[in-house]
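In: Sequence below, structure please.
(4 chains)
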Protein chains: 2
Amino acid sequence: MKLQETFRALSDPTRREIISLLRDGPLHVQQIVNHFATSNATISHHLAVLRKAGLILDEKQGKYIYYELNTGVLDEIIAWISSLMDQEECVCELKQEHS
Amino acid sequence: MKLQETFRALSDPTRREIISLLRDGPLHVQQIVNHFATSNATISHHLAVLRKAGLILDEKQGKYIYYELNTGVLDEIIAWISSLMDQEECVCELKQEHS
DNA sequence: AATATATTTAGACAGATATCGAAATAAGGA
DNA sequence: TCCTTATTTCGATATCTGTCTAAATATATT
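Out: This is a model prediction of the structure:
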């Protein structure tokens, strides 16, 4: 399932940090590797997991491969979580109106 | 810290299904076990993971221990994901600031 | 074409995790 | 108390996962 792959991909701290890096714009592999103490092979593996989950997109530019965020997939997670919260007590209503 | 535990807990399909079951109200362990083909030991382990992540709460009633959903922890995940999506829209503004 | 750089793949290994059966603990009801 | 039921813990195992080094592939520049 898509939801399963997304959750799995996000369950690793290194991969979440990669995603946080890409929040400010696309980066190529070397730039991403430089943010970590791990080998480029490891980062390449993490990028493959994120790519397979659809969380990042790759685009070749010159001698580099740039990775950028693809947040569309995250809508499913939000939808899944929201479906849990809707059933419960209505947390979304703002009660502190009287002050 | 908390975010890590939550993502980890949700990365397993059995645990997500347990959570989906609890969406309709509290259940005791036997009721949860009956929904799966796995042993009660395995389910107990999954419940421990979910409990430690704060995703479920346990309450003893008579001879049973009832588990119920605690969706509060999920706010952090939604906040994390939202922060990724918000940043995307702001990229153009940041570019203009520096021109 | 040759060389240097960028990225991925292969193979291996240690640690984490999901699962099981069986034993242990706890709590009621007879 | 004894017995039954409910739940967790224990020990063991098989699979998964993150990481490494080294090798392979790909691409640009000279």
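In: where does chain A dip in pLDDT?
Out: Counting by pLDDT under 70, the low-confidence segments of chain A come to A:1, A:87-99.
In: if you set the cut-off to 90 instead, what comes out?
Out: Along chain A, segments meeting pLDDT under 90 span A:1-2, A:61-62, A:85-99.
In: Point to the residue nearest the middle of chain A.
Out: Geometric centre of chain A, nearest residue: residue A:19, 4.7 Å, by CA atoms, centre = their mean.
In: where does residue A:3 land in three-state SS?
Out: helix (DSSP: H, G, I helix; E, B strand; the rest coil).
In: Please tell me how far it sits from residue A:65.
Out: 27 Å (CB to CB, to the nearest Å). Where you see a C-beta, it was placed from the backbone N, CA and C, and this is true even at glycine.
In: who touches stretch A:68-82?
Out: A:2-3, A:6-7, A:10, A:19, A:22-23, A:25-26, A:53-57, A:59, B:16, B:71, B:74, B:77-78, B:81, B:84-85, B:88 (CB atoms under 8 Å, 6 or more residues apart in numbering or on different chains).
In: Now restrict those residues to buried residues only.
Out: A:3, A:6-7, A:10, A:19, A:22, A:26, A:53-56, B:16, B:71, B:74, B:77, B:81, B:84 (16 or more other CB atoms under 10 Å in any protein chain shown).
In: Okay, and which of those residues map to helices?
Out: Under the assignment DSSP state H, these contribute A:3, A:6-7, A:10, A:19, A:22, B:16, B:74, B:77, B:81, B:84 to helices.
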